[in-house]
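Participant: Quick one, what's the 3D model for this:
(2 chains)
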Amino acid sequence: MRNTLLVIVILVSIIGGILIGNMEPKIDEKAFKSAQSAQFRDLSGNWRQISDWDGVYRIVNFWATWCPPCLEEIPLFINLHEEFSDINMTFIGIAVDDTARVRDFISANGVNYPILIGSGDALRISEVFGNHRSGLPFTVFLSPNGDLIDTHSGVVPVAKLRDFVSKIR
Amino acid sequence: MIIRFAMLLFFCCAAQASADKFYSLTGNLMANNQLLLTYDIDKCCYLYKRSLSFNLLESKAAISKLTFPGAIRHNDEFFGDVEVYRGQVAITLELDLSQTEGRVDGLKLKANQQGCSDEGICFLPDETILTFSFLPGLN
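Facilitator: Here you go, the predicted model:
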């Protein structure tokens, strides 16, 4: 009887711990909306914000040149941005990085979608979108009116990107 | 006893790596004006050797020698072969105190580091400041 109780307690603790550990805290709606108005410089030095692309589906990717998994997925974003240039969707990259390093990477790799640059503030914005582990890459899928459709921490699987794009089409 | 064990299991399973948690850095004074810096890195994660740098802040003391232990080869698609550290890493830092006078108070060491998790999530380059006070040669 005592052993059975022990096994039950252990199982409940493990399952409960895993569930709690994977549970996403709720997103603050007000902060979420204002995060879309946060200002970042683009590569021309102009101030831009995510809401500048209101009316368009957005895949907003937080990345950095010091983050190898981030660099791994960018060629796929370039290809999809080109392949689906005829639909109401854009990729937006927000680099948590130094402008010179971003500029070098962009020109060397032919990035064809808008890139904005932030520093620690960009990471704080990604946290508002649900990046609770404060890691990169982190990707946010937004509707044309700025509603959150989905987020992904780590490299986004190709299937997930294609699924998102095919639903728009 | 069972409750304590259950709580331990609960919190272990609930833990996930984040920038604040995946490593800790401690420093200990050793003989001959040496500092032993020890990183304890979570199993999920690694630190890039090349991201590690150490600087003394506002001090007449200087770092005369840094000794890193052997690192692990890691292949990044973009960065190629790089060296990383996992688990516990002990780095020895020798201080040149020839320009200091008497007791060293509040010696501040700034450590920079950056790492990633095996799940493919990388954390912002981070800095830690450790403070030491000691009488040269007596540790």
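Participant: Could you give the bridge partners of the spatially most central residue of chain A?
Facilitator: For chain A, the residue sitting closest to the mean C-alpha position, by Cα atoms, centre = their mean, is residue A:139 at 1.5 Å. Beta-bridge partners of residue A:139, counted by DSSP bridges, are residue A:61, residue A:152.
Participant: which regions of the chain sit below the pLDDT cut-off?
Facilitator: Here I'm looking at chain A. Applying pLDDT under 70 to chain A flags residues A:1-27.
Participant: if you could check chain B rather than the one you did, that'd help
Facilitator: B:1-20, B:137-139.
Participant: hmm, who's touching stretch A:72-88?
Facilitator: A:55-57, A:59, A:61, A:63, A:90-91, A:93, A:109-113, A:137, A:144, A:155-156, A:158, A:161-162, A:165, A:168-169, B:77-78, B:120 (Cβ atoms under 8 Å, 6 or more residues apart in numbering or on different chains). Where C-beta positions appear, they are placed from N, C-alpha and C, glycine not excepted.
Participant: which among those end up buried?
Facilitator: Among the contacts of stretch A:72-88, the ones that count as buried by 16 or more other Cβ atoms under 10 Å in any protein chain shown are A:57, A:59, A:61, A:63, A:90-91, A:93, A:111, A:113, A:137, A:155-156, A:161, A:165, B:120.
Participant: ok, back up a step: isn't the residue nearest to the centre of chain A right up against residue A:60?
Facilitator: Yes. Using Cβ atoms under 8 Å, residue A:139 is in contact with residue A:60, at 6.8 Å.
Participant: Unless I misread the structure, residue A:105 falls within a strand.
Facilitator: No. Residue A:105 sits outside any strand when classified using DSSP: H, G, I helix; E, B strand; the rest coil, being helix.
Participant: and the closest residue to it other than its chain neighbours, how many neighbours?
Facilitator: In space, and not counting its chain neighbours, residue A:105 is closest to residue A:65: 5.1 Å by Cβ to Cβ, 6 or more residues apart in numbering or on different chains. Neighbouring residues of residue A:65 were enumerated by other Cβ atoms under 10 Å in any protein chain shown; the total is 18.
Participant: okay but residue A:65 is in contact with residue A:93, surely?
Facilitator: No. Judged on Cβ under 8 Å, residue A:65 makes no contact with residue A:93 at a distance of 11.1 Å.
Participant: from memory residue B:69 sits against residue B:87, does it?
Facilitator: No. The criterion here is Cβ under 8 Å, and residue B:69 misses it with residue B:87 at 10.7 Å.
Participant: joint contacts of these two?
Facilitator: With Cβ under 8 Å, 6+ apart, residue B:69 and residue B:87 have no common neighbours.
Participant: quick one: secondary structure of residue A:55?
Facilitator: Relying on three-state DSSP, one would call residue A:55 coil.
Participant: Quick one: residues contacting it.
Facilitator: Contacts of residue A:55 (Cβ under 8 Å, 6+ apart): A:88, A:144-145.
Participant: please redo it, this time with the cut-off set to 10 Å
Facilitator: A:88, A:144-146 (Cβ atoms under 10 Å, 6 or more residues apart in numbering or on different chains).
Participant: For my notes, please list these in JSON lines and give secondary structure for each entry.
Facilitator: Formatted as JSON lines, those follow (three-state DSSP):
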{"residue": "A:88", "secondary structure": "coil"}
{"residue": "A:144", "secondary structure": "coil"}
{"residue": "A:145", "secondary structure": "coil"}
{"residue": "A:146", "secondary structure": "coil"}
